[in-house]
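A.B. asks: Provide a 3D model corresponding to the input given below.
(2 chains)
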Number of protein chains: 2
Amino acid sequence: MNKKKVVVGIDIGGTNTVYGFIDREGNIVTGDQIITTHYDEPEVFVAALYEKMMITASRLGSELEILGFGIGAPMGNINKGTIEYPADLPWKGIIPLADIFGKHTSLPVIVTNDANAAAVGEMVYGGAKGMRNFVVITLGTGLGSGLVVDGKLVYGHDGFAGEIGHTSIRPGVSNRDCGCGRKGCLETYVSSTGLKRTVLKIMADRLDDSELRRFSFEELDSKKIYEAALRGDPIACEAFEHTGAMLGFKLADVVAHTNPEAIFLFGGLALAKDLIFEPAREHMEKNLLYIYRDKVKLLPSELSTQNAAVLGAGSLVWSAADQEQ
Amino acid sequence: MNKKKVVVGIDIGGTNTVYGFIDREGNIVTGDQIITTHYDEPEVFVAALYEKMMITASRLGSELEILGFGIGAPMGNINKGTIEYPADLPWKGIIPLADIFGKHTSLPVIVTNDANAAAVGEMVYGGAKGMRNFVVITLGTGLGSGLVVDGKLVYGHDGFAGEIGHTSIRPGVSNRDCGCGRKGCLETYVSSTGLKRTVLKIMADRLDDSELRRFSFEELDSKKIYEAALRGDPIACEAFEHTGAMLGFKLADVVAHTNPEAIFLFGGLALAKDLIFEPAREHMEKNLLYIYRDKVKLLPSELSTQNAAVLGAGSLVWSAADQEQ
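C.D. replies: Residues are numbered from 1 along each chain as shown, chains lettered A, B, ... in the order given. Below you'll find the model as predicted:
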């Protein structure tokens, strides 16, 4: 019997690490996840992940031929196969992830930024199919981004291109601390954490009643804020409006760099639909140079939140396999 | 006798239009200029330019075989061969420049943004030789930019990538009117005009004596401000410091988009050397995400102010000729 050829796509997140075995057509034939934060050492993490992946594969009825591993991770560097100083992961410093994987397998291991992986996923399997110039913005705990120019992911000189979450909203004016050590980064406003911080700021400034006033900062999350906004809560609505506006401001800057055909929003906050898309679109258009106006599409990702980075990381391995033939 | 093969590089500026006949090695064998503002109609401008170019060529002792025309112009669009709503040129609306040239010649005519042409010039003949990822910032009346990613100029979906001069310094806060109709664009601070405006702002705020207080806004220019700064004039020094800081702020954003190996400053303001480079470098580094720090070179262009866009526009024709063979 012919073995089914697959690649393994892995998305290392601050909380969970999700993986999938992906066939040529982009179907995830099987997959599972482990909890990232359970492992203090990257070596132990990789050993546990590898073992669990092999168990998942063995449980599938049909036999699989694995061609390689594609990994998306915060601060993942494709040139060096490393994760470098990830703010949102339990490990410190430079982690030689591809080398650590190499102790378990001799198959190719490709490491890249998780948002870059999501952008590749969008291009190969999602709404960016056939597009040559677009940007994917991932909205989670932080804000990630992947830029595609002329059909290719932009890696840049050091492999770290696309950190739009760490551009500055208003240099020298914004005062919000960022996990990266600076102040006023876009992701301190536009992310699930940023939305929470904005709710607190608005509650401090306004006198309006709000159901959100009964929650502590720790209890608050973007789902509660979203539901309050749907019920017309004034604080929640203003927080979404402000978050979308900040995003729109900076998307206008993004357009002035690479003039994309479309910008895709992906992840938790993007699921708030019009609450985030309407102010983002309005403020992007207002801030666009006239030559760009009414041209750039602001779209929701067509991939499920779970699978984009997994599919994208996997498709990097498919591309590499294709180039070898 | 064999004719010498050349391309014609043309740089259409707000004041002058400079052209050169360029051989395979990047030597300008002959060239001249005409005054852009003398021509109210683009058709009359092109006819006069074409006639003068042919006279320049005929005066050269040796015979030339022209392979084509490469044109750099503000808002030049390579996809359509047009100039679209240029703020700094005497013509309005969409100007079908390649088509107008087509009435005079059947040779290839390539139109691109003047800063993009300068970036190509830097890559082929200047300090970016051998670099795959870099950015050129042109500092003149306005601020232009050309982005190179993986060895190729970024044009984007509509051919308008690289308008970093029209990113916003502090969205919703900066109040300085821009020629594009918006407020607070980078070029309202970082350009020869921006420097003048900053001098006025500082003279309004401070009580210090300054030799610049005796000049009207119309009399002031960046040369006077530069010379005053060299003599230690406090207003002039603060204006350069502020201009460099604003540039540094936004260069940190540029790096977070495409992670270049180097950023080249080109044009009038770049000639002020340390007065602009020192604050720009300091504030860029301060505002860079840690993964980029101490890596990105901020360099002066290695091309003369006169020739970069001419050489770059010309080299686009050489590249096209090479691809045809």
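
A.B. asks: Helices of the stretch 51-200 of chain A, start to end?
C.D. replies: Taking DSSP state H, counting those that start in this stretch, the helices of the stretch 51-200 of chain A run over residues A:97-102, A:114-125, A:192-205.

A.B. asks: What is the longest one packed up against?
C.D. replies: Which is helix A:192-205. Helices and strands touching helix A:192-205, as assessed by 3 or more Cβ pairs under 8 Å, 6 or more residues apart in numbering or on different chains; DSSP states H and E, comprise helix A:222-230, helix A:234-258. Where C-beta positions appear, they are placed from N, C-alpha and C, glycine not excepted.

A.B. asks: Which positions in that helix come out as buried?
C.D. replies: Neighbour-count burial for helix A:192-205, counted by 16 or more other Cβ atoms under 10 Å in any protein chain shown, picks out A:Ser192, A:Thr193, A:Gly194, A:Leu195, A:Lys196, A:Arg197, A:Thr198, A:Val199, A:Lys201, A:Ile202, A:Met203.

A.B. asks: Can you convert these into JSON lines and add a column each for distance to B:Asn133?
C.D. replies: Written out in JSON lines, the entries for the buried residues of helix A:192-205 read as follows (distance: Cβ to Cβ, whole Å):
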{"residue": "A:Ser192", "distance to B:Asn133": "32"}
{"residue": "A:Thr193", "distance to B:Asn133": "31"}
{"residue": "A:Gly194", "distance to B:Asn133": "29"}
{"residue": "A:Leu195", "distance to B:Asn133": "34"}
{"residue": "A:Lys196", "distance to B:Asn133": "36"}
{"residue": "A:Arg197", "distance to B:Asn133": "34"}
{"residue": "A:Thr198", "distance to B:Asn133": "35"}
{"residue": "A:Val199", "distance to B:Asn133": "39"}
{"residue": "A:Lys201", "distance to B:Asn133": "38"}
{"residue": "A:Ile202", "distance to B:Asn133": "40"}
{"residue": "A:Met203", "distance to B:Asn133": "44"}
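
A.B. asks: burial measure for A:Tyr85, as a count.
C.D. replies: The criterion is other Cβ atoms under 10 Å in any protein chain shown. On that basis, A:Tyr85 has 17 neighbouring residues.

A.B. asks: Enumerate every residue touching A:Ala256.
C.D. replies: With contacts defined as Cβ atoms under 8 Å, 6 or more residues apart in numbering or on different chains, the neighbours of A:Ala256 are A:Leu288, A:Leu289, A:Tyr292, B:Gly162, B:Glu163, B:Ile164, B:His166, B:Thr167.

A.B. asks: interface residues of the stretch 1-150 of chain A facing chain B?
C.D. replies: Within the stretch 1-150 of chain A, the positions adjacent to chain B are A:Met75, A:Glu84, A:Tyr85, A:Arg132, A:Asn133, A:Leu147, A:Val149, A:Asp150 by Cβ under 8 Å from any Cβ of the partner chain.

A.B. asks: residue contacts, the fifth one?
C.D. replies: When you say that, I think you mean A:Asn133. Each residue near A:Asn133 by Cβ under 8 Å, 6+ apart is listed here: A:Val148, A:Val149, A:Asp150, A:Thr258, A:Asn259, A:Pro260, A:Glu261, B:Gly156, B:His157.

A.B. asks: and which of those residues is nearest to A:Gln33?
C.D. replies: A:Val148 (27.1 Å; Cβ to Cβ).

A.B. asks: Show the pLDDT at that closest one.
C.D. replies: At A:Val148 the predicted local distance difference test score is 97.

A.B. asks: what do you get for the one 10 residues further on?
C.D. replies: We have a pLDDT of 93 for A:Asp158.

A.B. asks: Confirm for me that it is in contact with A:Asn77.
C.D. replies: Yes: with contact defined as Cβ atoms under 8 Å, A:Asp158 counts as touching A:Asn77 (7.5 Å).

A.B. asks: Quickly list what A:Ile28 is bridged to.
C.D. replies: In this structure, A:Ile28 has the following beta-bridge partners (DSSP bridges): A:Ile22.

A.B. asks: thinking again about what came up before, so can I have a markdown table of the helices and strands packed on helix A:192-205 showing mean pLDDT?
C.D. replies: Converted to a markdown table, the helices and strands packed on helix A:192-205 look like this (pLDDT from 0 to 100):
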| stretch | mean pLDDT |
| --- | --- |
| helix A:222-230 | 97 |
| helix A:234-258 | 97 |
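
A.B. asks: where are the low-confidence patches of chain A?
C.D. replies: Using pLDDT under 70 as the threshold, the predicted model of chain A has low-confidence ranges A:1, A:305-306, A:323-325.

A.B. asks: how does it divide up, domain by domain?
C.D. replies: Following automatic domain parsing, chain A resolves into domains at A:4-113+A:306-324, A:127-300.

A.B. asks: got the contact list for A:Ala161?
C.D. replies: A:Leu147, A:Val154, A:Tyr155, B:Val149, B:His257, B:Thr258, B:Asn259.

A.B. asks: I'd like the helices and strands packed on helix A:192-205 laid out as JSON lines, including distance to A:Ala308.
C.D. replies: As requested, those are exported to JSON lines (distance: least, Cβ to Cβ, whole Å):
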{"stretch": "helix A:222-230", "distance to A:Ala308": "18"}
{"stretch": "helix A:234-258", "distance to A:Ala308": "19"}
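
A.B. asks: okay, these, which one's buried deepest?
C.D. replies: Greatest average neighbour count among the helices and strands packed on helix A:192-205 goes to helix A:234-258 (a mean of 24), per mean count of other Cβ atoms under 10 Å in any protein chain shown.

A.B. asks: That one: how far from the chain's middle?
C.D. replies: Remark: helix A:234-258 is offset 17 Å from the chain centroid, using Cα atoms, centre = their mean, to the nearest Å.

A.B. asks: you'd agree A:Lys5 is up against A:Leu67?
C.D. replies: Yes: using Cβ under 8 Å, A:Lys5 makes contact with A:Leu67 at a distance of 6.0 Å.

A.B. asks: more neighbours, the two?
C.D. replies: Set A:Lys5 next to A:Leu67 and count neighbours by other Cβ under 10 Å: A:Leu67 wins out with 20 against 13.

A.B. asks: mind checking how far the more buried one is from A:Lys103?
C.D. replies: 19 Å (Cβ to Cβ, to the nearest Å).

A.B. asks: With A:Glu238 instead?
C.D. replies: Spatial separation of A:Glu238 from A:Lys103 under the definition Cβ to Cβ is 52 Å.
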